[in-house]
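S.K.: This is a predicted model, with the sequence first.
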Amino acid sequence: MASHFFALFSRMKNINRWALMRNTQEESLAVHSYEVAAVAHCLAVIGNRRLGKNYDAAKAALIGLYHDMTEIVTGDMPTPVKYFNAEIRRAYGEIETAAEASILQTLPEDLRADFTPLISPDGNTELYRLVKAADKLSALIKCVEETNSGNREFRMAEASTKRAIKDLGCAEADIFMEEFMDSYSMVLDSMLQKEK
């Protein structure tokens, strides 16, 4: 029997994020998910190497890769709408759960158990916490890139996302902020020059 899972996965490139804001460069869900996967992997490695954790860094990357796949069904709900009140957040959570189930049903039955913890991860784990931090960091990266391009539309989003990251209390995200974020404001030639 044919499976539609990866054809659906491929559709992430057609879903644009930040729909309510003027963008100098559109960001697809696929690009965002790729970045979240890379940052989640980095956060797990930071935790393992520097903080004595025992994260599965590869699994963090995979959860990051699939973390927004439900938006193929739901679309990208703007944050002000998604979190407007508890009732909307609860209803949207139910829609996301139904979308996860629909997506998982497109897999061959013998593969579902392997993909379920990636598409519908346990939200109470430390690994999930890292992916959520990576998701916020990816949003901040987008905001920084936009403001650096002269787009004032993202100034408030940048400030509120920085606060949200700080409020996470995630040491791995704090380290990422300290060591990697400044580079997003640099030009390519400066990044490639050897330090003197």
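M.R.: Alright, I've got the coordinates. Numbers count the residues shown, from 1 in each chain.

S.K.: which residues of this structure fall in helices?
M.R.: 5-10, 29-50, 57-66, 71-74, 79-82, 86-104, 112-119, 126-148, 155-168, 171-180, 188-192 (DSSP state H).

S.K.: For the fourth one, give the mean pLDDT please.
M.R.: Okay, so that is helix 71-74. Helix 71-74 carries an average pLDDT of 89.

S.K.: same deal with the last one?
M.R.: Mean pLDDT, taken over the full extent of helix 188-192, equals 84.

S.K.: which residues are contacting it?
M.R.: residue 183 (C-beta atoms under 8 Å, 6 or more residues apart in numbering). For the C-beta atoms, the positions are set from N, CA and C on the backbone; glycine is no exception.

S.K.: before we move on, what about the fourth one?
M.R.: Counting by C-beta under 8 Å, 6+ apart, the neighbours of helix 71-74 from elsewhere in the structure are 8-9, 11-12, 15, 29, 77, 92, 95-96, 99, 102-103.

S.K.: quick one: that helix to chain centroid distance?
M.R.: Here helix 71-74 shows a centroid-to-chain-centroid distance of 15 Å under the convention C-alpha atoms, centre = their mean, to the nearest Å.

S.K.: Next, the buried residues of that helix.
M.R.: Across helix 71-74, burial judged by 16 or more other C-beta atoms under 10 Å covers 71-72.

S.K.: Using CSV, list the CA coordinates for it.
M.R.: Extracted C-alpha coordinates of helix 71-74, given in CSV (Å, rounded to 0.1, in the frame of the first residue of the first chain):
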residue,chain,number,x,y,z
GLU,A,71,1.2,22.7,10.3
ILE,A,72,0.9,20.9,7.0
VAL,A,73,-2.7,20.3,8.2
THR,A,74,-3.3,23.3,10.4
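
S.K.: residues contacting residue 170?
M.R.: Per C-beta under 8 Å, 6+ apart, neighbours of residue 170: 43, 129-130, 133.

S.K.: if we can go back for a sec, got TSV for the helices of the chain, with distance to residue 21 too?
M.R.: Shown next, in TSV, are those (distance: least, C-beta to C-beta, whole Å):
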stretch	distance to residue 21
helix 5-10	25
helix 29-50	14
helix 57-66	23
helix 71-74	17
helix 79-82	10
helix 86-104	20
helix 112-119	27
helix 126-148	8
helix 155-168	7
helix 171-180	22
helix 188-192	25
